[in-house]
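J.: sequence plus the predicted model coming up.
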Amino acid sequence: MLAKRIIPCLDVRNGHVVKGTNFEGVRDVGDPVGYAEFYNKSGADELVFYDITASFEGRKLFTDVLRRTAERVFIPLTVGGGINTVEDFDTVLKCGADKVSVNSGAIKNPSLIAAAAKKYGNQCVVLSMDVKRAGGRFVVYAKGGREKTELDAVEWARFGEKNGAGELVVNSIDTDGVKGGFDLEMLNEIIAAVNIPVVASGGAGSIGHFVELFKKTGADMVPWRRVIGIIVTFHVVCFGWIMFRAQDMHSVTLITSQIFNHFNAALIPQVVSGYGTIFGLMAVGFLLHLLPEAAETWGKRVVTAAPVLAQAVIITVLIWGIMQIKSSEIQPFIYFQF
């Protein structure tokens, strides 16, 4: 289960952030790079840029703004608008985006989802949907909400997941810019139909709307269920390693019996003191695992942007550190021991 994320979405037109209501009455409100820096410093988990007229005008998106933003913002960045080919994915990712959002391009060419997922991985492909109520159902709109399609939103979401989209962004045209709350009915229908993360967009006007969203949609998980899931997974992995370490099934039986029938808690301090380095490394591993995604993204960008000499020094230090903690004996590759 992914943690809840607060993701500001900036609609960009002609290099400026714009604001509208129900996709109409759009007006300029500021510089996208400045807004991106503000949200980065304010603790946003991720950031989304949409070039809202690129598809409608049939042009490429704003790569110059994207490059300047990627240099100053160190949280995951998703970019969309005017994405029509796999080459467009390549351009956006090379400009600094972490994920690419495709909307009208996928409606025009549904195979684009699978092609991009195959080349760049599901985690890079975001299917964005502009949805509006029409005739008692939820209908997908294209070209920034200007053009109605015959696509049912729930079925389109299923298609996107089946073909490799790693995430959905569902924007309600009916609630966009109104600040009256999210379209919970629509979101619940789509969330129930897929097993990939769904990002709700359109309607947020207060903190209460976020609380309502997390409580009244399938986007939430009871905390104790998550804790139990972590504990169960940890122990399943640990018991699985018994199969790797034991020489035969008789040894597996003896080890398992020792754990359940002859466990001596008094020996725990002795084990910890005897393997202090190992437990220290485990603690470091847990801490690194719990770091926010923004920290990981920042680290990747710092290393990538560093000079070749600095990268070589980092790699050398890492190798030296591994050499210091390795076993003094030669250990055969684990699969060769079977």
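T.: The structure has been received and is ready for your questions.
J.: make it CA atoms for all contacts and neighbour counts henceforth
T.: OK.
J.: contacting residues around the strand ranked longest in the chain?
T.: Scanning the chain for the strand with the most residues, using DSSP state E, yields strand 125-134. For strand 125-134, the surrounding residues in contact (CA atoms under 8 Å, 6 or more residues apart in numbering) are 99-103, 106, 113, 116-117, 138-142, 144-145, 153, 160, 164-174.
J.: stretch 161-170 too?
T.: 111, 113-114, 117-118, 122-131, 157, 187, 194-201.
J.: at 7 Å what do you get?
T.: Stretch 161-170 is touched from outside by 113-114, 117, 122-123, 125-130, 194, 196-201, with contacts defined as CA atoms under 7 Å, 6 or more residues apart in numbering.
J.: narrow these to those that are buried.
T.: The neighbour count (16 or more other CA atoms under 10 Å) marks 113-114, 117, 122, 125-130, 194, 196-201 as buried among the contacts of stretch 161-170.
J.: phi and psi next, for A200.
T.: phi -90, psi 140 (degrees, to the nearest 10).
J.: gap between R245 and I255?
T.: Relative to I255, R245 is positioned 10 Å away (CA to CA, to the nearest Å).
J.: these two: which has the busier surroundings?
T.: Each of R245 and I255 has its neighbours counted (other CA atoms under 10 Å); I255 has more, 16 against 13.
J.: pLDDT wise, what is that one at?
T.: Looking at I255, its pLDDT reads 88.
J.: do you know how far it is from H262?
T.: As judged by CA to CA, I255 and H262 stand 10 Å apart.
J.: repeat that for L151.
T.: Distance, L151 to H262, using CA to CA: 62 Å.
J.: who has more neighbours out of these two?
T.: Set L151 next to H262 and count neighbours by other CA under 10 Å: L151 wins out with 16 against 10.
J.: quick check: angle from the host helix or strand of that one to strand 125-134?
T.: Per DSSP states H and E: L151 is located in strand 147-152. Interaxial angle, strand 147-152 versus strand 125-134 (axes from the mean of the first three to the mean of the last three CA atoms, to 10 degrees): 100 degrees.
J.: now strand 147-152: average pLDDT?
T.: In this model, strand 147-152 has an average pLDDT of 90.
J.: now do it: distance to the chain's middle.
T.: Here strand 147-152 is found 27 Å from its chain centre; the criterion is CA atoms, centre = their mean, to the nearest Å.
J.: which other helices and strands contact that strand?
T.: strand 137-142 (3 or more CA pairs under 7 Å, 6 or more residues apart in numbering; DSSP states H and E).
J.: mean confidence for the host helix or strand of V236?
T.: For V236, the element it lies in under DSSP H and E is helix 223-245. On average, the pLDDT along helix 223-245 is 79.
J.: how about low-confidence regions in the stretch 101-250 of the chain?
T.: The stretch 101-250 of the chain contains residues with pLDDT under 70 at 218-227.
J.: over to D98: give its phi and psi.
T.: Torsion angles at D98 (phi, psi; degrees, to the nearest 10) stand at phi -90, psi -30.
J.: per-residue pLDDT, it?
T.: pLDDT for D98: 93.
J.: i'd like the first residue to be 640 from this point on
T.: Yep, numbering from 640; the last one is D737 now.
J.: strands of this structure, residue ranges please.
T.: In the chain, the segments counted as strands under DSSP E are 648-652, 655-660, 663-669, 686-690, 716-719, 738-741, 764-773, 776-781, 786-791, 806-811, 837-840.
J.: between those strands, which one is nearest to I846?
T.: Nearest to I846 among these is strand 837-840 (14.2 Å), distances taken as CA to CA.
J.: show me what that closest one is packed up against.
T.: Looks like strand 837-840 contacts strand 806-811 (3+ CA pairs under 7 Å, 6+ apart).
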